[in-house]
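Student: build the 3D model from these lines:
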Amino acid sequence: YGLAAAVWTRDVSKAHHLAAKIKAGTVWINCYDVFDAGAPFGGFKMSGMGRELGERGLEAYTETKTVTLSLS
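Tutor: Just a heads-up that it's a prediction; the model follows:
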């Protein structure tokens, strides 16, 4: 399980390759504990408590409903 991880390297290509393989909800490259309020945060599998922040964070509190109104 992984909530977050960080990778430090000068090789950005290698960092992205590692980030794709790391089983964590957030991977920082050459930084740590940096958050963007628009980006979802949460772990993989049973790590963390679902998603927080961003559009994904709101999904737990919303339900999709379709309403159709005929104007004729």
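Student: ok, residue 16 - contacts?
Tutor: Neighbour list for residue 16: residue 29 [criterion: C-beta atoms under 8 Å, 6 or more residues apart in numbering]. Every C-beta, even on glycine, is put in place using the N, C-alpha and C of the backbone.
Student: now with 6 Å, please.
Tutor: With contacts taken as C-beta atoms under 6 Å, 6 or more residues apart in numbering, residue 16 has no neighbouring residues.
Student: using the three-state scheme, assign it.
Tutor: Here residue 16 is helix, with the state taken from DSSP: H, G, I helix; E, B strand; the rest coil.
Student: next, work out how far apart it and residue 63 are.
Tutor: Distance of residue 16 to residue 63, computed by C-beta to C-beta, to the nearest Å: 36 Å.
Student: same deal with residue 26?
Tutor: Taken as C-beta to C-beta, the span from residue 26 to residue 63 is 26 Å.
Student: around the nearest residue to residue 26 once chain neighbours are set aside, how many other residues sit close by?
Tutor: Excluding its sequence neighbours, the residue lying closest to residue 26 (C-beta to C-beta, 6 or more residues apart in numbering) is residue 4, at 4.2 Å. Close neighbours of residue 4, defined as other C-beta atoms under 10 Å, add up to 17.
Student: ranges for the helices of this protein?
Tutor: 12-21, 54-58 (DSSP state H).
Student: show me where this protein has strands.
Tutor: Under the criterion DSSP state E, the chain carries strands at the ranges 4-7, 26-29.
Student: which of the helices of the chain comes out lowest on mean pLDDT?
Tutor: Among the helices of the chain, helix 54-58 carries the lowest mean pLDDT, at a mean of 64.
Student: would you mind measuring the gap between the ends of stretch 14-34?
Tutor: Chord length of stretch 14-34, first to last residue, is 20 Å (C-alpha to C-alpha, to the nearest Å).
Student: in that stretch, what counts as buried?
Tutor: Buried residues in stretch 14-34, counting neighbours by 16 or more other C-beta atoms under 10 Å, are found at 15, 19, 24-29.
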